[in-house]
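Chemist: here is my input, please return the structure:
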Amino acid sequence: GKMDPKDIEYLVQSNVSLDPGNMGPLQEWMPELIWPKVKALENIASFKGLGDNMQSDSDDWNEWFDDEKAEIAKLPGAYEKMLTPFDRLILLRAMRPDRLMKALSTFIGDTMGK
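Modeler: Residues are numbered from 1 along each chain as shown. Below you'll find the model as predicted:
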């Protein structure tokens with residue numbers, strides 16, 4: 001399928017929200033610099049309400065965030081089924097950039113054939 005240029009922009013630039021608001025329970029484990037990136041993702045339809053969902057399911061998101069291989073770990077709540085493989089790349093870019101290259105090479109292999 002065709003990719004939305006706005007989604008590609010998020011993957012390349014990792015946008016931030018200028019007014020991310022309160023982190024709530026997430027401040028116990030989430031580095032402060034990541035929160036504005038999470039809030040910026042809410043401009044993409046797949047991620048609408050992500051910040052609130054993360055605050056509601058803070059423990060589950062913490063577990064995913066701390067997973068050594070976050071790119072293949074099960075996502076909390078409905079996100080596991082809801083997000084496309086490309087959406088997962090965008091999420092990793094915002095929250096776990098250290099795992100992005102591994103996920104990207106898998107995505108390219110799956111998309112274009114190994």
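
Chemist: where does this protein dip in pLDDT?
Modeler: Counting by pLDDT under 70, the chain has low-confidence residues at 1, 114.

Chemist: nearest the geometric middle of it, what residue?
Modeler: By Cα atoms, centre = their mean, the mean C-alpha position of the chain lies nearest to L91, the distance being 1.6 Å.

Chemist: who's in contact with that one?
Modeler: By Cβ atoms under 8 Å, 6 or more residues apart in numbering, the contact list for L91 reads 41, 47, 75, 83. For glycine as for every other residue, the C-beta is placed from the backbone atoms N, C-alpha and C.

Chemist: give me the number of residues near the closest residue to the last one other than its chain neighbours?
Modeler: Take L83 and drop its neighbours on the chain: the residue closest to it by Cβ to Cβ, 6 or more residues apart in numbering is S46, 5.9 Å away. S46 has 17 neighbours, counted by other Cβ atoms under 10 Å.

Chemist: and S46, how far from D19?
Modeler: Separation of S46 from D19 (Cβ to Cβ, to the nearest Å): 21 Å.

Chemist: follow-up on the earlier one: surely the residue nearest to L83 and K81 touch.
Modeler: No: at 11.5 Å, S46 does not count as touching K81 under the criterion of Cβ atoms under 8 Å.

Chemist: contacts only, for D7.
Modeler: D7 touches 44, 86-87, 90, counting by Cβ under 8 Å, 6+ apart.

Chemist: no, scratch that, I was asking about L104
Modeler: Contacts of L104 (Cβ under 8 Å, 6+ apart): L89.
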